[in-house]
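Engineer: model the following, please.
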Amino acid sequence: MAGESEPISEIVTVLVIQIGIILFAVQFFGRLAKKIGIPQVLGELIAGIVIGPYALGSIRIPGFPHGIFALGGGTLAVSNELYAFASIASVILLFASGLETDIGLFLRYSVAGGIIGIGGVLISFTLGDIVGVFMLNAGFMDPRCLFLGILSTATSVGITARILSEQKKMDSPEGVTILAAAVFDDVLGIITLAVVLGIVALIEHTGGGSLKVNTILVIAGKAFGIWLGFTALGLIFSKKIAGFLKLFKSPTDFSILALGIALILAGVFEKQGLAMIIGAYIAGLSLSKTDIAIVIQERIHGIYTFFVPIFFAVMGMMVNVREIISPPVLVFGAVYTGAAIAAKVIGCGGPALLLGFNGKGALRIGAGMVPRGEVALIIAGIGLAMGIINEQVFAVVILMTLITTIVAPPLLSASLKLAGSGTRNPVKGDDSASAEWVFPSSEIADLFINRLLDDLRSEGFYVQVMNINEGLSHARKDDIALSINENDNVVTIETAKADMPFVRQAVYEVVIELHESIQELKISSNPHDLQKVLFDKTGRQKEKLLSIITPECTSIALKGETKEEIINELLDMLCANGKIINRDKVLKDILEREGVMSTVMNHGIAMPHTRTDWIDNLSVAVGVKKEGVDLQADDEEKTWLFILSVAPKKNTSPYLEFLAAVSTRLTDEITRDAIRSAPTKKEAIKLLCTGEQRGRNRKSTTSP
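Structural biologist: Next up is the predicted model:
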């Protein structure tokens, strides 16, 4: 065992070497696992077992008398510093899981998903606890048995989603039901953990005495109340929280601070006697429905990729190899694993029979909920660190996790290959089709996926990202279900044959939008080329794009003193001329767009704009405030020219072309100065549209 009085420099030196070795080990074993067809997470777990203190990590080498990964003291096999790293990783993992949870899907499909999810959790918890009762010769309320119950409930749906995608069954009735139930499974698992921790804390406080039923109910109610209260507050104030984070402007900055919120909330829950991962999950869940959720997922991806494999490796390091291969642990593990598999098949498959599925469909749903994974390992680590479970029970849990994760894919694949429908009555999802698109690079494919998911959300779809590291997503609206799989530069979408025309149209629209954006970027790098494209010799294109600027929607004497006041003033002009269907809705969309990224530019120009459902055609309002207002532009100039453009979401309009045309016109300093001093609205419009003004030649000739 490493000494406890080592200088801090020595402790840090050992830690950085350990982390470096772990990073190489998880990469090697993770890639090897993928090559042989098992989940990467198992490779990372095995990496930890191999290099851990119970295996290669204890070999003595120069400079490391106890081995690079020396056996830790107390209840942990690793050093406190390394375990702290793993704890931070578990917070990041559950924060990401919360971000990926579609609370809308949770509420929308609460009946079918809820019944199946609750059935799986109840049966799994009960059977897991009963196995503990018999194998440990303990009572049902023994903390070890309670932990075995909670450890049996967790489902790793990412593994199932990948199998469903490979089998072209993601959009099938069984696939859709599994994914909806998995959302419930995650939420119910976190609630159950909170309740169990509350009960365990009281049992330890009373010295292990028996608890009355009403006492247990009070504890459960308190733990559930804390979870529900924080979750409700998070969801209620989610937009306020997102708004606060946006004050930091940079997406990278506010994403890091969102993770900071998760860390703080995790610490608060730990201080209250609940697990850190509960607070982290609530933080992610609270932000999951905000417009910055996807941005946060993207920005923390690098942190996730660094930390999370370290967590799995550390969990593997805490496995005592001698214990895991001992006959008592192998027998215990076999019984516990069998119960865990049966619990999901019965607990989830049984209720499915009551929801219109036949025996085949129920078996597929049950098999799809079998694999355990990340959450089970985190909870097992918590139990081991708290001294609730020992090395033998921890080894049993690792065996169960390994076996269920390995067994689930062939079990689910075999059930999917059974001939015939899984429902009693034919449904649309039984007849599926897929289409594939190949993009020039993985970066372009990423752009496409992000835009497509945004468009689907705006259409009212519930979008579920399977895993922050997986290119797999699921979207559902009413009876339309889409499975979206990104593999490098190839995107595959599966859906019912009847819905494939919708998919192709959606893809076409996204490709056109991306093409326009890319062309705009290419052209805007040369303003003179942009002039040639947008304004032909006859001026027809100019008139088509800029004729929507009218005197009725123009002001050369704005009164507002803040950005929001001026936007309201411009919007009033559009409303007065019958351009807007719902003023409040349009204002909300404009301000939300401003919240994502400010449209204040250099040279005294601001171009607030948005797409909305509350307008029929592209409409523009122009305003000049000659003295300007300070809106913190990058060049520190006061902003005096405001051009508000509002375009319909669903109808096509020359939205990007208009913005590009106006931006190019305003690159000319002489034109800007003339617009600012224009005596009439018509003069200002003429200058904005044509750039022609009387003093141009005179001003040019007086220049040095």
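Engineer: now the strands for the stretch 51-200 of the chain?
Structural biologist: Here the stretch 51-200 of the chain has no strands by DSSP state E, counting those that start in this stretch.
Engineer: now the helices for it?
Structural biologist: 80-100, 103-108, 110-136, 143-151, 157-166, 173-205 (DSSP state H, counting those that start in this stretch).
Engineer: adding mean pLDDT and mean neighbour count, write those out as a markdown table.
Structural biologist: In this view, the C-beta of every residue, glycine as well, is placed from N, C-alpha and C. Output for these, formatted as a markdown table (pLDDT from 0 to 100; neighbours: other Cβ atoms under 10 Å):
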| stretch | mean pLDDT | mean neighbour count |
| --- | --- | --- |
| helix 80-100 | 87 | 22 |
| helix 103-108 | 58 | 18 |
| helix 110-136 | 85 | 21 |
| helix 143-151 | 87 | 26 |
| helix 157-166 | 67 | 23 |
| helix 173-205 | 74 | 23 |
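Engineer: show me the one of those helices that comes nearest R299.
Structural biologist: Closest to R299 of the helices of the stretch 51-200 of the chain is helix 80-100 (Cβ to Cβ; 11.1 Å).
Engineer: coming back round to it: just put the helices of the stretch 51-200 of the chain in a markdown table and tack on distance to G373.
Structural biologist: Compiled in a markdown table, the helices of the stretch 51-200 of the chain are given as follows (distance: least, Cβ to Cβ, whole Å):
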| stretch | distance to G373 |
| --- | --- |
| helix 80-100 | 10 |
| helix 103-108 | 20 |
| helix 110-136 | 14 |
| helix 143-151 | 11 |
| helix 157-166 | 7 |
| helix 173-205 | 11 |
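Engineer: which of those helices sits closest to F244?
Structural biologist: Short answer: helix 80-100, nearest of the helices of the stretch 51-200 of the chain by Cβ to Cβ, at 17.0 Å.
Engineer: about what we covered before: out of the helices of the stretch 51-200 of the chain, nearest to R424?
Structural biologist: Per Cβ to Cβ, nearest to R424 of the helices of the stretch 51-200 of the chain: helix 173-205, 10.5 Å.
Engineer: now the angle from that closest one to helix 110-136?
Structural biologist: Helix 173-205 runs at 50 degrees relative to helix 110-136, counting by axes from the mean of the first three to the mean of the last three Cα atoms, to 10 degrees.
Engineer: gap between helix 173-205 and the chain center?
Structural biologist: 19 Å (Cα atoms, centre = their mean, to the nearest Å).
Engineer: same check on stretch 422-441?
Structural biologist: Distance, centroid of stretch 422-441 to centroid of chain: 24 Å (Cα atoms, centre = their mean).
Engineer: other residues contacting that stretch?
Structural biologist: 168-169, 171-176, 356-358, 360-362, 364, 421, 445, 448, 479, 481, 489-500, 503-504, 507 (Cβ atoms under 8 Å, 6 or more residues apart in numbering).
Engineer: re earlier: nearest to A380, of the helices of the stretch 51-200 of the chain?
Structural biologist: Nearest of these (Cβ to Cβ): helix 143-151, 6.0 Å.
Engineer: now stretch 556-573: average pLDDT?
Structural biologist: Mean pLDDT, stretch 556-573: 90.
Engineer: chain center to that stretch: distance?
Structural biologist: 37 Å.
Engineer: V620: which of the helices of the stretch 51-200 of the chain is closest?
Structural biologist: helix 103-108 (33.9 Å).
Engineer: so where's the stretch 501-650 of the chain shaky on pLDDT?
Structural biologist: 516-547, 596-597, 650 (pLDDT under 70).
Engineer: strands of that one, start to end?
Structural biologist: Under DSSP E, counting those that start in this stretch, the stretch 501-650 of the chain gives strands at 554-555, 605-606, 609-612, 619-629, 639-648.
Engineer: would you mind finding the most buried of those strands?
Structural biologist: Here the criterion is mean neighbour count by mean count of other Cβ atoms under 10 Å, and of the strands of the stretch 501-650 of the chain the winner is strand 639-648, at a mean of 23.
Engineer: circling back to that earlier point, the helices of the stretch 51-200 of the chain: which one's closest to I567?
Structural biologist: Nearest to I567, of these and by Cβ to Cβ, is helix 103-108 at 29.1 Å.
Engineer: how far away is I256 from M607?
Structural biologist: 29 Å (Cβ to Cβ, to the nearest Å).
Engineer: over to V268?
Structural biologist: Taking Cβ to Cβ, one finds V268 at 42 Å from M607.
Engineer: neighbour count: the two, which is higher?
Structural biologist: M607 (18 against 13; other Cβ atoms under 10 Å).
Engineer: would you agree the more buried one is in contact with T639?
Structural biologist: No. Assessed by Cβ atoms under 8 Å, M607 is found out of contact with T639, at 10.3 Å.
Engineer: so R31 touches A47, yeah?
Structural biologist: No. Using Cβ under 8 Å, R31 is not in contact with A47, being 10.5 Å away.
Engineer: can I get the strands of the stretch 501-650 of the chain in a markdown table including distance to Y462?
Structural biologist: Listed next are those as a markdown table, based on distance: least, Cβ to Cβ, whole Å:
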| stretch | distance to Y462 |
| --- | --- |
| strand 554-555 | 42 |
| strand 605-606 | 35 |
| strand 609-612 | 21 |
| strand 619-629 | 31 |
| strand 639-648 | 24 |
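Engineer: where does E486 sit: helix, strand or coil?
Structural biologist: Three-state call for E486 (DSSP: H, G, I helix; E, B strand; the rest coil): strand.
Engineer: burial check on the closest residue to I406 other than its chain neighbours, number of neighbours?
Structural biologist: Leaving aside its sequence neighbours, I406 sits nearest to I38 (Cβ to Cβ, 6 or more residues apart in numbering; 6.0 Å). Residues near I38, counting by other Cβ under 10 Å, number 17.
Engineer: quick one, which of the helices of the stretch 51-200 of the chain is nearest to S286?
Structural biologist: helix 80-100 (7.5 Å).
Engineer: report all helices and strands that that closest one contacts.
Structural biologist: helix 8-35, helix 251-271, helix 276-287, helix 293-299, helix 301-317, helix 374-385 (3 or more Cβ pairs under 8 Å, 6 or more residues apart in numbering; DSSP states H and E).
Engineer: try 10 Å this time
Structural biologist: Under the contact definition 3 or more Cβ pairs under 10 Å, 6 or more residues apart in numbering; DSSP states H and E, helix 80-100 sits against helix 8-35, helix 173-205, helix 251-271, helix 276-287, helix 293-299, helix 301-317, helix 374-385, strand 462-465.
Engineer: and T290, its phi and psi?
Structural biologist: The phi/psi pair for T290 (degrees, to the nearest 10) reads phi -90, psi 170.
Engineer: tell me the confidence at the closest residue to it other than its chain neighbours?
Structural biologist: Using Cβ to Cβ, 6+ apart and skipping residues adjacent in sequence, the residue nearest T290 is A242, 4.0 Å away. Note on A242: pLDDT of 87.
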